[in-house]
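Novice: Using only what follows, build the 3D model:
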Amino acid sequence: MTQHTSSTLAIPEVSAIPRHVAIIMDGNGRWASKRHMPRVAGHSEGLNAVRKIVTECRRLGVEYLTLFAFSSENWRRPPEEVGFLMKLFLKSLKGEVTRLAENDICLKLIGDLERFDSDIQKMVTFSEEKTAQCKALTFTIAANYGGRWDILQAMRQCLIAHPHLKPEQVSEDLIQPFLSMSYAPEPDLFIRTGGEQRVSNFLLWQLAYTELYFTDVLWPDFDEAELHKSFEWFSQRERRFGRTSAQVMSQSMSDAV
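Specialist: Next up is the predicted model:
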């Protein structure tokens, strides 16, 4: 497995197009409520936005796209909404996996999937296996996922693998392979739709030096044009990773020679 650069240990490569985009798809329920529709209708419409963004990210050359579909805290929502989300999740997996494979898109699921019923777990396994050899884009869905859960499970797995580990031996390099997204570089760009400005327990370890983009646009209305706006904003960011602007400029000039 490739060991990706940690932004706190080394300076990752920077490009105008983000290599890895992570998105919290917020605002489905409010989109529906504004139209006097049941909240679940917003989730169905949000699936259309997912298709658009996956397709456009692949076209633009994004290598990794990670969407927060269902957090470990979302179980607190009304039971009928949770039930609908589970059915929509299963239906979308069944309906999209062939299309993903045909477009060379690798699908991965991260999170504590044991809480989902057996039909969903079986479909997850089938979908991952069917797209495992696809290379154009790695599309990750975070379901029943939480950033703190991720760090805790990584520590537990690390201790199982290294039962005689001493405190002074604990390091980022030792823990990183056990994180849910060890197969991917850290996100370059984080997008949250719907107007809220928080990361909501999403990829807490991985977002250390990610650029954070917030928009009031509700997720069902987040289309290709809105994605381009976020990329344009990202391209104007000076990614210093702890350095000064002068150091960044000097490095840029050195690379250009």
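Novice: pLDDT score for residue 59?
Specialist: For residue 59, the pLDDT comes out at 98.
Novice: Pull up the gap between it and residue 112, please.
Specialist: According to C-beta to C-beta, to the nearest Å, residue 59 stands 33 Å off from residue 112. All C-beta spots, glycine's among them, are computed from the backbone N, C-alpha and C.
Novice: Those two: which is more packed in?
Specialist: The residue with more neighbours, out of residue 59 and residue 112, is residue 112; 15 against 12, by other C-beta atoms under 10 Å.
Novice: so how far is residue 55 from that one?
Specialist: 29 Å.
Novice: same check, this time on residue 27
Specialist: Note on residue 27: its distance to residue 55, by C-beta to C-beta, is 20 Å.
Novice: more neighbours, these two?
Specialist: Applying other C-beta under 10 Å to residue 27 and residue 55 shows that residue 27 carries more neighbours, namely 25 against 15.
Novice: so what's the backbone phi/psi at that one?
Specialist: phi 110, psi 10 (degrees, to the nearest 10).
Novice: Check residue 188 too.
Specialist: According to degrees, to the nearest 10, residue 188 has phi -80, psi -40.
Novice: try residue 78
Specialist: Here is the backbone geometry of residue 78 (degrees, to the nearest 10): phi -50, psi 140.
Novice: so how many other residues sit close to it?
Specialist: Residues near residue 78, counting by other C-beta under 10 Å: 9.
Novice: any idea how far it lies from residue 51?
Specialist: Noted for residue 78: a distance of 26 Å to residue 51, by C-beta to C-beta.
Novice: do residue 218 as well
Specialist: 16 Å.
Novice: which one of those two has more residues nearby?
Specialist: More neighbours surround residue 218 than the other of residue 218 and residue 51, with 23 against 12 (other C-beta under 10 Å).
Novice: For that one, which residues are in contact?
Specialist: 26, 27, 28, 30, 31, 42, 193, 194 (C-beta atoms under 8 Å, 6 or more residues apart in numbering).
Novice: Show me these that map onto helices.
Specialist: Among these, DSSP state H puts 28, 30, 31, 42 in helices.
Novice: Would you mind measuring from the second one to residue 80?
Specialist: Distance, residue 30 to residue 80, by C-beta to C-beta: 18 Å.
Novice: Just want to know which of these two has more residues nearby.
Specialist: Neighbour count, other C-beta under 10 Å: between residue 30 and residue 80, residue 30 has more, with 16 against 11.
Novice: what's the nearest residue to the more buried one if we skip its chain neighbours?
Specialist: residue 218 (5.9 Å; C-beta to C-beta, 6 or more residues apart in numbering).
Novice: picking up where we left off before, ok, so of the contacts of residue 218, who is nearest residue 119?
Specialist: Nearest to residue 119 among these: residue 28, at 22.9 Å, using C-beta to C-beta.
Novice: And for that closest one, the neighbour number?
Specialist: Neighbours of residue 28 (other C-beta under 10 Å): 24.
Novice: Output the below-cut-off pLDDT ranges for the stretch 101-250 of the chain.
Specialist: Counting by pLDDT under 70, the stretch 101-250 of the chain contains no low-confidence range.
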